[in-house]
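Engineer: here is my input, please return the structure:
(one chain, ligands or ions: 1)
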Amino acid sequence: MTDADVFNRLLAILKDYRATQKSGSVLDYHAPANLRDKLDLQKESAAQSYDQVFDWVETYLKYAVKTGHPQFWNRMWADANMPAIIGEMVSTIAHTSACTFESAPVSTEMEKYLIDEFLSIANFKNGEGQMTTGSSNGNLIAMMAARNLTIKTAKTSGLNGAPQLVAFVNSEAHYSMDKAANVLGIGTDNLVKIPVDDRGRMQISALEAQIIKAKNEGKIPFFVGATAATTVRGAYDPVGEICALRNSCGTDFWVHVDGAWGGSVFLSQSRSAEFLPGLEQVNSFTFDFHKMHGIPMVCNFLLINGQKGSGSEILHSTITSGNDDYIFRGTDQDRPADLGALSLQCGRHTDVLKIFLAWKFSGQAGFVARIERFLAKAEFAEQLVLQTPELELIVPRESFNINFRFRAPDGFCVDTLNRQIRQHLYETGTAIVGLGQINQQTCIRLLIANDAASEADITQFFDHFLAAAKVIINEAEG
Ligand SMILES: Cc1ncc(COP(=O)(O)O)c(C=O)c1O
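Structural biologist: This is a model prediction of the structure:
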């Protein structure tokens, strides 16, 4: 088969998949052992047979979850964005690493351009940034920058003998914060979880009390990680109030915003004022485009605000280690010529092409319009829950997450019943929806991040949900 034949065959399969992705079941479900049997992964490899490669491709797609299906509600991402799909395909065919200008000149300039765009929209002065592998990585690097600024010898001598550092996050913050505390030698016990108010936001008075306590114990409060928005509730921590506390409490801790899920609201001036007032005062901010904007995984930015004084050097001084002069070629104007110098890994996927093409295709206004569509649909879904007597909202909606559950009839455990309903929808390929825990209660976490889903699809989801509940209750009652 020539390359041209391979491309033609591949494109035909992809076109067919894309055309059918929104219909039929969300997946053809099989339990793991059953799926392994069906896949027959041990099958002999046929010497360089593209027929076999395409058989595997067809098999892969047959059992894949259709994340572009309008009944896919389960995760923070859904339907992949077409201009970004083009970017992903072009990146793969051009096969390079965004580590150096030499090997990836265009992507390097695109990345610098978008970093500058986002720094300007976030109103960060003298800032810097980089694309990372996701917000887990963004959170880690931000905490690392804060650690190294606080303990100047941390990079070279480690933390041995240094005063104990303490970080603070929302008690419902993402687990990547615990991982960061683990990796950086802070220790997960020194990541203090701040209780939340009835809207799921960090309580500032509790944060202040914990900072004072740490100081009284001779420890250094060095980092406060705000979340925008929290994974299960969709709550936005009060960023401006945290910055005000930093200014008033006499401790110059680093304020970071984990905007993995809802951080991109900063693209809208009015939504930024509503959800992220004070953002321009924080030290760092990470946000994912591979979540609600449908850019194929992964696509993340970490921005550092230069206002702290160290300007555009923080990432460089935090990260560069070891002898890298075989690969990096110094500076370009006032920043490293090679963005790999600011990265924790060496090889870097050219993630920027995906977001660059999507950005040029839709413009900032297109991204903002998508956010507005999601917020309107989230409100619609919340209203449906409130109007359905069999359902209850676990907590009022803060943004894009609707946390609800089926009210269990007498004799049923409400947590078990809701898990069973969700599993039934999944295994029958009817719909996939998330699960969460709020105040020790199991809830169904409906995330509005699927642009392929209309209000009619939301209504249909709840119809499916109630029908599944009926099936399970009837079966249990015999
Ligand atoms: C609030 C929050 N932070 C961080 C992450 C991790 O993001 P990533 O998957 O980009 O590492 C998530 C993922 O769901 C999240 O919800």
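Engineer: residue in the stretch 101-250 of the chain nearest to the ligand?
Structural biologist: With C-beta to the nearest ligand atom as the measure, residue 134 is the residue of the stretch 101-250 of the chain nearest to the ligand, at 2.7 Å. For every residue, glycine as well, the C-beta is placed using N, CA and C.
Engineer: show the contacting residues for residue 88.
Structural biologist: Counting by C-beta atoms under 8 Å, 6 or more residues apart in numbering, residue 88 touches 296, 353, 354.
Engineer: repeat the analysis, applying 6 Å as the threshold.
Structural biologist: For residue 88, the contact set (C-beta atoms under 6 Å, 6 or more residues apart in numbering) comprises 296, 354.
Engineer: for it, what is the enclosing helix or strand?
Structural biologist: Here residue 88 sits within helix 82-94, counting by DSSP states H and E.
Engineer: what's the following helix or strand past that helix packed up against?
Structural biologist: Next helix or strand after helix 82-94 toward the C-terminus (DSSP H and E): helix 105-122. When contacts are defined as 3 or more C-beta pairs under 6 Å, 6 or more residues apart in numbering; DSSP states H and E, helix 105-122 sits against strand 300-304, helix 352-387.
Engineer: which stretches of the stretch 101-250 of the chain form helices?
Structural biologist: Applying DSSP state H, counting those that start in this stretch to the stretch 101-250 of the chain gives helices spanning 105-122, 135-150, 154-157, 176-183, 204-216, 239-248.
Engineer: buried deepest among these, which one?
Structural biologist: Comparing the helices of the stretch 101-250 of the chain by mean neighbour count (mean count of other C-beta atoms under 10 Å), helix 135-150 ranks first with a mean of 24.
Engineer: just checking, what packs against that one?
Structural biologist: helix 154-157, helix 176-183, strand 220-227, strand 254-259, strand 284-288, strand 300-304, helix 314-319.
Engineer: now with 7 Å, please.
Structural biologist: Packed against helix 135-150, as judged by 3 or more C-beta pairs under 7 Å, 6 or more residues apart in numbering; DSSP states H and E, are the following elements: helix 154-157, strand 165-170, helix 176-183, strand 220-227, strand 254-259, strand 284-288, strand 300-304, helix 314-319.
Engineer: need these in a markdown table with distance to residue 346 and mean pLDDT, can you?
Structural biologist: A markdown table is the format used below for those (distance: least, C-beta to C-beta, whole Å; pLDDT from 0 to 100):
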| stretch | distance to residue 346 | mean pLDDT |
| --- | --- | --- |
| helix 154-157 | 18 | 95 |
| strand 165-170 | 28 | 98 |
| helix 176-183 | 18 | 98 |
| strand 220-227 | 27 | 98 |
| strand 254-259 | 25 | 98 |
| strand 284-288 | 21 | 98 |
| strand 300-304 | 18 | 97 |
| helix 314-319 | 12 | 90 |
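Engineer: got these as a markdown table, with distance to the ligand columns?
Structural biologist: Shown next, in a markdown table, are the helices and strands packed on helix 135-150 (distance: least, C-beta to the nearest ligand atom, whole Å):
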| stretch | distance to the ligand |
| --- | --- |
| helix 154-157 | 23 |
| strand 165-170 | 9 |
| helix 176-183 | 5 |
| strand 220-227 | 5 |
| strand 254-259 | 5 |
| strand 284-288 | 5 |
| strand 300-304 | 6 |
| helix 314-319 | 18 |
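Engineer: re the thing from before, how many residues are close by the residue of the stretch 101-250 of the chain closest to the ligand?
Structural biologist: 21 (other C-beta atoms under 10 Å).
Engineer: does it touch residue 298 like I think?
Structural biologist: Yes: using C-beta atoms under 7 Å, residue 134 is in contact with residue 298, at 5.0 Å.
Engineer: just the helices and strands packed on helix 105-122: most buried one?
Structural biologist: strand 300-304 (a mean of 28).
Engineer: sorry, back to before: pLDDT (mean, whole number) over the helix holding residue 88?
Structural biologist: Helix 82-94 shows a mean pLDDT of 98.
Engineer: C-alpha coordinates for that helix, CSV please?
Structural biologist: Listed next in CSV are the C-alpha coordinates belonging to helix 82-94 (Å, rounded to 0.1, in the frame of the first residue of the first chain):
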residue,chain,number,x,y,z
MET,A,82,-12.4,20.1,14.5
PRO,A,83,-9.8,22.8,13.9
ALA,A,84,-7.8,21.3,16.8
ILE,A,85,-8.2,17.8,15.4
ILE,A,86,-6.5,19.1,12.3
GLY,A,87,-3.8,20.5,14.5
GLU,A,88,-3.3,17.2,16.2
MET,A,89,-3.1,15.3,12.9
VAL,A,90,-0.6,17.8,11.5
SER,A,91,1.5,17.7,14.6
THR,A,92,1.7,13.9,14.3
ILE,A,93,2.7,13.9,10.7
ALA,A,94,5.2,16.7,11.2
